[in-house]
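> Show me how the following folds:
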Amino acid sequence: MFLGPPHHTPRREFLGRLGAGFGSVALSALAAWEARAETRDPLNPFAPRPPERPARARSVIFLFMVGGPSQVDTFDYKPELQRLHGQKVPESIRKAVESTRFANVFHGCKDELMGSPYAWSQRGDSGLWVSELMPHVGRQVDDLCFLHSVQADSNNHAPASYQLHTGDIRPGKASLGSWVTYGLGSENRDLPGYVMLFDAGPLGGAANYANGFLPAAFQPTRLRDAGTPVLDLLPPDAFAAGQWQSLDLIRDLNLSHRDARPGVTELDARIASYELAYRMQSAALDVGDVERESEGLRREYGFEHADPRTRSFARKCLLSRRLVERGVRFVQVYDMPDKDGWDAHAKLTDNHTPRARWTDQPVAALLSDLRQRGLLEETLVIWASEFGRTPMMQGDQGRQHNAAGFTLWMAGGGVRAGLRMGATDEIGLMAVQDPIQIKDLHATILALLGLQHEALHYTVSGRLERLTGIAGGARVLTEVMG
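As a prediction, this is how the structure comes out:
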């Protein structure tokens, strides 16, 4: 668009035309996405869809550590915190934090720093620091990309968990797994595109992982890690022979019912789910048969561990690999076997030590297994929680919630291995270098999958909704992309 020489065009008109030009670029991206959406088959919602840009990752395994593991006791080593153990928070740090939106991080804490009770060492060729809590993951550290400066908008479990899952501290939004499968579909028509594995769900309940306002087809399917993956999957023997004929009749009746009610997407989802359930009868039983794996591999995951909770999480991690290997797009794994999670308000070691024991070996085995099978380069593995914990003591040797600066890591799927991005201050309280917002994390995950976060949207009552929000400002963390 020709704007003319600036000295011949009034400033207001010049800026208006310039803004219209940028608007047309955004509009073209939205139009392209609408065109993609219109081609979606409502009765086959998980048909694979090509990414908009070259993708580094094909699928995602999201390992959610419920309750907030302490970054200063796992992956964010702070020698100054160790030196200042038992002393007050340095005044310079206190003032810096109190001048931000994270001032409430001091609430409920003693004005006394607590050094980590765990020993630390540098691991791998990268020399990244890992505490003794994670000896197995420490051996995989050269595959990891640490984000040490993540910040959340809430210091309470449910809102912070909602934000990490859906991009918003309020319930009712669509989850990351739903957005990913909405954008890309799945590569296995006989299995769900979005699968969950857990004993006890995350704090805040189903609003963390639900489809929200997206069509009902994009809600997750929960698979059991022990026994039959889906209960009541097989019909009684007396009805098995005529099952397909029955399903044909049900489909015809359902289609007739749906055609009389255009626009009711729940009906499309219900019809599609019936057919998926039939196809899953063999596929889900196959993927859940982890006993087919070698004894040595199962031992590596922790199937023979003395602690039953380690054995349980080991099955979830191995099942995750079997799912992405078969084309499932997004697998969400929760480590919470009880109501507490990593929420160590008192007696940190009593809380963190067993939880690390339950998860460390299975997670490390998952990374090793994916690498050996050539799957890690196309599978994005994320280890994260809703927030971290304070370096100040709370109660009897515990730590309070901390949304001001915490650590997560990613591996595979096109991220740079052996990298540390961002940093918290010298005691591990607040992000001071390259602060990373949750929407930045989401934009980066989508980019690794070949999706543009600005273009991935859904219209709800005339309003655009995006995983990364409609106000803009999300950035793709190109620094972590290999």
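
> hey, where'd the helices end up in the stretch 1-150 of the chain?
In the stretch 1-150 of the chain, the segments counted as helices under DSSP state H, counting those that start in this stretch are 11-38, 79-83, 91-98, 135-138.

> Any idea which of the ones you listed has the lowest pLDDT on average?
Least confident of those, judged by mean pLDDT, is helix 11-38 with a mean of 49.

> what residues are up against the nearest residue to residue 115 once chain neighbours are set aside?
Distance criterion CB to CB, 6 or more residues apart in numbering; nearest residue to residue 115, sequence neighbours excluded, is residue 85 at 3.5 Å. Just so you know, the C-beta spots here come from the backbone N, C-alpha and C atoms, and that holds for glycine as well. Neighbouring residues of residue 85 by CB atoms under 8 Å, 6 or more residues apart in numbering: 113-115.

> Looking at the residues you listed, which one is closest to residue 44?
residue 114 (54.5 Å; CB to CB).

> and the closest residue to the closest one other than its chain neighbours, bridged to which residues?
Leaving out its chain neighbours, the residue that sits closest to residue 114 by CB to CB, 6+ apart is residue 393, at 4.0 Å. As for beta bridges, residue 393 partners with residue 399 under DSSP bridges.

> How many residues are close by residue 393?
Around residue 393 there are 21 other residues, counting by other CB atoms under 10 Å.

> what sits against it?
109-110, 112-114, 399.

> Let me have the residues you listed in a markdown table, adding neighbour count and distance to residue 67 as columns.
Shown next, in a markdown table, are the contacts of residue 393 (neighbours: other CB atoms under 10 Å; distance: CB to CB, whole Å):
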| residue | neighbour count | distance to residue 67 |
| --- | --- | --- |
| 109 | 21 | 17 |
| 110 | 16 | 21 |
| 112 | 15 | 23 |
| 113 | 27 | 22 |
| 114 | 25 | 18 |
| 399 | 29 | 11 |
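
> List the ones among those residues that fall in strands.
residue 399 (DSSP state E).

> Identify, from the contacts of residue 393, the entry nearest to residue 332.
residue 399 (25.9 Å).

> these two touch, right, that closest one and residue 114?
Yes - counting by CB atoms under 8 Å, residue 114 is a contact partner of residue 399 at 7.0 Å.

> between the two, what contacts are shared?
Residues within reach of residue 399 and of residue 114 at once, by CB under 8 Å, 6+ apart, are 348, 391-393.

> Tell me the most packed of these, by neighbour count.
Highest neighbour count within these, by other CB under 10 Å: residue 391, with 32 neighbours.

> Tell me which residues touch residue 174, please.
Residue 174 makes contact with 166, 182, 210-214, 218, 458, 465, 467, according to CB under 8 Å, 6+ apart.

> Kindly write the PyMOL command that selects the buried subset of these.
If you want just the buried ones from these in PyMOL, going by 16 or more other CB atoms under 10 Å, the selection is:
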select buried, resi 166+182+210+211+212+214+218+458+465+467
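
> With respect to residue 143, which of the contacts of residue 174 is nearest?
Closest approach between these and residue 143, by CB to CB: residue 467, at 26.1 Å.
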